[in-house]
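In: Using only what follows, build the 3D model:
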Amino acid sequence: MSLIAENIQLIKQQLPETVKLIAVTKTKPIAVLQETYDAGFRTFGENKVQEMTEKYNSLPKDIEWHLIGHLQTNKVKYIAPFVSLIHSVDSFKLLKEIDKEAKKNSRTIPCLLQIFIATEETKFGLSEAEATEILTSPTLKELKNIKLMGVMGMASNTDSEAQIRSEFRNLKEIAKRLQHFNSEQVQIQEISMGMSSDYVIAAQEGSTMVRVGSAIFGSR
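Out: Numbering: from 1, shown residues only. You can find the predicted model right below:
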């Protein structure tokens, strides 16, 4: 068994079956992704559109691609034909663009609303009030080619487990409140939180998806 396969197995043993593992493959060469694929793993997360598109074109087509990094509206068209889930919707403008490009490709694209839960100003995301505004907007009903499946958040870059736990707990509580707006188009059920340093804590606090890179592939 390859080291990558061993690492994936080890991480999965630490996670409940209800939590989906996403292998964060950013900056990793095609050969490493192919090795991961050959180990039987099929769910990859990328931060950058260009890198994701190049890898999509070079690898088997049964891979599930998750866009987990900041997404600019002018880049949506490149991933709309194949992306499985966009984790990082941080504006209504972006959501409208995803809907437009999904329609062109005769697809419905699942999305998560990125919520700002950290203390660092450098992270993107919506406040709970801004997310509520999107979910209650009459315009949302006109977007027939997107589906809002949940929320995503990133904890602060800190050694304080108590703070990380508190931020993850906060995201879960926000998700629960946003479920009041569930409809045919809005199904707030996924909570994407947790990375290599804190995925175990995230799973304990209610994450349904963890985004893990260096714990699988080693540090860059």
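In: For the residue nearest to Glu161 when sequence neighbours are not counted, what are phi and psi?
Out: Distances taken as CB to CB, 6 or more residues apart in numbering put Ile201 closest to Glu161, at 6.5 Å, once the chain neighbours are dropped. Heads up, the C-betas are built off the backbone N, CA and C, glycines and all. Main-chain torsions, Ile201, degrees, to the nearest 10: phi -60, psi -40.
In: and what of His66?
Out: Taking degrees, to the nearest 10, you get phi -110, psi 130 for the backbone angles of His66.
In: That one pairs with what?
Out: Judged by DSSP bridges, the bridge partners of His66 are Gly45, Leu85.
In: So the residue most central in space within the chain, which state does it fall into?
Out: Centroid-nearest residue in the chain: His87, 3.3 Å away (criterion: CA atoms, centre = their mean). For His87, the assignment made with DSSP: H, G, I helix; E, B strand; the rest coil gives strand.
In: Check the spacing between the residue nearest to Glu161 and Met195 real quick.
Out: 10 Å (CB to CB, to the nearest Å).
In: same thing with Ser219?
Out: Ser219 sits 12 Å away from Met195, going by CB to CB.
In: Which one's more surrounded, these two?
Out: Each of Ser219 and Met195 has its neighbours counted (other CB atoms under 10 Å); Met195 has more, 19 against 7.
In: The more buried one reaches Ser156, doesn't it?
Out: No: contact between Met195 and Ser156 fails when scored by CB atoms under 8 Å: they sit 11.9 Å apart.
In: returning to that earlier point: the residue nearest to the centre of the chain reaches Trp65, doesn't it?
Out: No: at 11.2 Å, His87 does not count as touching Trp65 under the criterion of CB under 8 Å.
In: list residues touching both of the two?
Out: Contact criterion CB atoms under 8 Å, 6 or more residues apart in numbering; residues shared by His87 and Trp65: Gly45.
In: Check the gap between the residue nearest to Glu161 and Ala162 for me.
Out: 10 Å.
In: So for these two, which residue has more residues nearby?
Out: Legend: neighbour count by other CB under 10 Å for Ile201 and Ala162, higher for Ile201 (18 against 8).
In: Now for that one: which residues touch it?
Out: Listed by CB under 8 Å, 6+ apart, the contact partners of Ile201 are Glu161, Ile164, Arg165, Phe168, Gly194.
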